[in-house]
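A.B. asks: could you work out the structure for the sequence below:
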Amino acid sequence: MAPITDELRDSGSARVQKRGLVRGAVIHLANEQPLVVDLFGYPGPGDVTVICTNARSTTGKRPIWADHSDSIFYFPWTQIRFLEVPPDRNAPLAQPPAADSGVAVRDAAEESEEIDEEFLRRVRDA
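C.D. replies: Sure thing, here's the model as predicted:
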């Protein structure tokens, strides 16, 4: 595997963020099974591809289309349904994107909302 050079790291959509690997991210491809990968940092809002390495199935096996799972892979966003980054698998240097980066970050107050009691009463009565 060729090392990531500064030229590759700083070039347009092939920019690789310098924050370290985000290990164990799950790429959900359109019409394919999900892949567990290691991302080279979080993709930016202007990126057209997701750059990753160590591609494997959710069972840990090498995908049949990959000759070497430790190659560097470029997946276009048009082929990705969504990208999942489990919170327990983030690299120590990887931080969630800032709120001004164009990526929606869930508010802590939003997570702790309780279900409306009136709604629960109507469900029980139905």
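A.B. asks: state the next helix or strand along the chain beyond the helix or strand of the chain at the bottom of the mean pLDDT ranking.
C.D. replies: One helix or strand of the chain scores below all others by mean pLDDT, DSSP states H and E: helix 6-9, with a mean of 47. Next along the chain after helix 6-9, taking DSSP states H and E as the criterion, comes strand 22-29.
A.B. asks: heading C-terminal from that next one, find the next helix or strand.
C.D. replies: strand 35-39.
A.B. asks: tilt between that next one and strand 22-29?
C.D. replies: Here the directions of strand 35-39 and strand 22-29 differ by 130 degrees (axes from the mean of the first three to the mean of the last three CA atoms, to 10 degrees).
A.B. asks: what is strand 35-39 packed up against?
C.D. replies: If you count contacts as 3 or more CB pairs under 8 Å, 6 or more residues apart in numbering; DSSP states H and E, strand 35-39 packs onto strand 22-29, strand 49-57. (Glycine included, C-beta is placed from N, CA and C.)
A.B. asks: nearest to residue 40, out of the ones you listed?
C.D. replies: Residue 40 sits nearest to strand 49-57 of all the helices and strands packed on strand 35-39, at 5.0 Å, using CB to CB.
A.B. asks: just want the phi and psi numbers for residue 118.
C.D. replies: Torsion angles at residue 118 (phi, psi; degrees, to the nearest 10) stand at phi -60, psi -40.
A.B. asks: check the gap between it and residue 126 for me.
C.D. replies: Per CB to CB, to the nearest Å, residue 118 is found 13 Å from residue 126.
A.B. asks: reformat the helices and strands packed on strand 35-39 as a markdown table; add distance to residue 37.
C.D. replies: Below are the helices and strands packed on strand 35-39 laid out as a markdown table (distance: least, CB to CB, whole Å):
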| stretch | distance to residue 37 |
| --- | --- |
| strand 22-29 | 6 |
| strand 49-57 | 4 |
